[in-house]
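A.B. asks: Output the structure for:
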Amino acid sequence: MPLKLNWGLVGGGETSQIGSAHRIGARLDGHFELVAGALDIDPVRAREFAVRLGVPEDRAYGDWREMLGREKGLPTYGRLDLVTVATPNSTHHEISKAFLEAGFHVLCEKPLTMTLADGEDLVRTARDADRILAVNYGYSGYPMVRQARSMVRDGKLGRIRIVVAEFSHGSHADAAVADNPSVRWRYDPEQTGVSSVLADAGLHALHMACFVIGQQVTRVSADFVSVIESRELEDDALLALRFAGGATGRLWTSAVAVGQQHGLNLRVFGELGGLRWVQEHPNQLYWTPLGKPTRTLERGDVRLSEEARLATRITIGHAEGFPGAIANIYSNLAETIRARNEGRAPHPAATWYPAGEEGLQTLAVVHAAARSARKGGTWVEP
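C.D. replies: Now for the predicted structure:
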């Protein structure tokens, strides 16, 4: 095993919803070591939690500016190889841009930014600095999602006709807690941008559809609704999509679907067959060849694609969940960073991490959908 890469984390503190998944994922395969962090908006909590995680005291920072100021001055052998930005949406642009400009590779939580202009700026900054900019569409790391992508790529489904993506939950369905600060901020345009549930949950379903079928959205028609009327932004959205390769798409996302615990699933229908994957049962991919019975493909089967096998750690029949999917993103980045450092091409499967350009493309669709919804569902180009 090569030497571990140095990893820094901004945000993702003790009470963060996503922080633990990053910490487990980054270290699961032994590629990264957490050596620096500014983990909380409160400087005292930030330092204390980092030290408890094993970060050296002199690299446990009270805020990201302090972290950046010291880390960019360290000698090459001690510098961070990757910085993860897991802070609120409104801060993604400023923090990611600062670290990119200082010469660090960055993995940013989604959405990439709140505005298209900021997203374009980040992608341009990464290109100019010759740094990696990745976006944490972690669900694309699941082995059977990668199996689905490889089957589409290899022509097993023929021409793709229709893709249907959903991400629906009921976590914000109770009108009585709509003013709870932990919920209310998600529907505040100042903190969230032009969209709430689509930019939060639906963005994952949108990326997964594009990722699996290998096509980008060219037109969108959207219907946004605030079931709880006090909300400025939507808590339910329905999108019709057209893709560059000729596929038709349907996407439903909701935060008020009572009884749905997670609700991320994908169906792909082609000329020669169909695929179905459900995130709450991620080990199985259902494959129906045209005119034949449905087959269940199991994670860990040696007959799966190389990309699916490389994304698998545990033998067939055992559970392998979300932190493992995040870990595959980190493993892809580790291979890509090491390849750059060694002056070689990375393994082709490692290039499947979600790049900044993908974050920008999906963000453009969200903004187009918001414009479409304001115009009563008119078709809009991203």
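A.B. asks: Ser150 contacts Ser305, doesn't it?
C.D. replies: Yes. Contact status for Ser150 versus Ser305: in contact at 3.7 Å, counting by C-beta atoms under 8 Å. Every C-beta, even on glycine, is put in place using the N, C-alpha and C of the backbone.
A.B. asks: mind checking how far Val194 is from Leu363?
C.D. replies: Distance of Val194 to Leu363, computed by C-beta to C-beta, to the nearest Å: 10 Å.
A.B. asks: wait, what's in contact with Gly13?
C.D. replies: Taking C-beta atoms under 8 Å, 6 or more residues apart in numbering, we find Gly13 in contact with 19, 39-41, 45-46, 49.
A.B. asks: Mind doing that once more with 10 Å?
C.D. replies: By C-beta atoms under 10 Å, 6 or more residues apart in numbering, the contact list for Gly13 reads 19, 37-42, 45-46, 49-50, 86-87.
A.B. asks: how would you label it: helix, strand or coil?
C.D. replies: coil (DSSP: H, G, I helix; E, B strand; the rest coil).
A.B. asks: three-state assignment of the nearest residue to it once chain neighbours are set aside?
C.D. replies: Distance criterion C-beta to C-beta, 6 or more residues apart in numbering; nearest residue to Gly13, sequence neighbours excluded, is Asp40 at 3.8 Å. Using three-state DSSP, the structure places Asp40 in coil.
A.B. asks: what touches both of Val194 and Leu363?
C.D. replies: Taking C-beta under 10 Å, 6+ apart as the contact rule, Val194 and Leu363 both touch 114-116.
A.B. asks: low pLDDT regions in the protein?
C.D. replies: Filtered on pLDDT under 70, the chain yields the residue ranges 1.
A.B. asks: shouldn't Glu120 be in contact with Leu133?
C.D. replies: No. Contact criterion C-beta atoms under 10 Å: Glu120 and Leu133 do not qualify, at 11.9 Å.
A.B. asks: ok, now how distant is the most far-flung residue of the chain relative to its centre from Ile213?
C.D. replies: No residue in the chain has its C-alpha farther from the mean C-alpha position than Gly291, which lies at 35.1 Å (C-alpha atoms, centre = their mean). Gly291 is 22 Å from Ile213, where distance means C-beta to C-beta.
A.B. asks: same check, this time on Phe99
C.D. replies: 32 Å.
A.B. asks: likewise Cys108?
C.D. replies: From Cys108 across to Ile213, the span is 24 Å (C-beta to C-beta).
A.B. asks: quick one, which of Val194 and Leu363 is more surrounded?
C.D. replies: Taking neighbours as other C-beta atoms under 10 Å, Val194 and Leu363 compare with Leu363 leading, 28 against 22.
A.B. asks: For the more buried one, which residues are in contact?
C.D. replies: Leu363 makes contact with 110-116, 118-120, 135, 193-195, 199, 203, 206, 382 under the criterion C-beta under 10 Å, 6+ apart.
A.B. asks: any chance you could map the strands in the stretch 101-250 of the chain?
C.D. replies: Under the criterion DSSP state E, counting those that start in this stretch, the stretch 101-250 of the chain carries strands at the ranges 106-108, 133-135, 160-168, 217-225, 236-243, 248-254.
A.B. asks: what about the ones you listed, which gets the closest to Glu66?
C.D. replies: Closest to Glu66 of these is strand 106-108 (C-beta to C-beta; 17.6 Å).
A.B. asks: What is the closest one packed up against?
C.D. replies: The contact analysis (3 or more C-beta pairs under 10 Å, 6 or more residues apart in numbering; DSSP states H and E) places strand 106-108 against strand 5-11, strand 82-86, helix 92-101, helix 116-129, strand 133-135, helix 322-342, helix 356-374.
A.B. asks: before we move on, back to that, which among the contacts of Gly13 end up buried?
C.D. replies: Among those, those classed as buried by 16 or more other C-beta atoms under 10 Å are 19, 37-40, 46, 49-50, 86-87.
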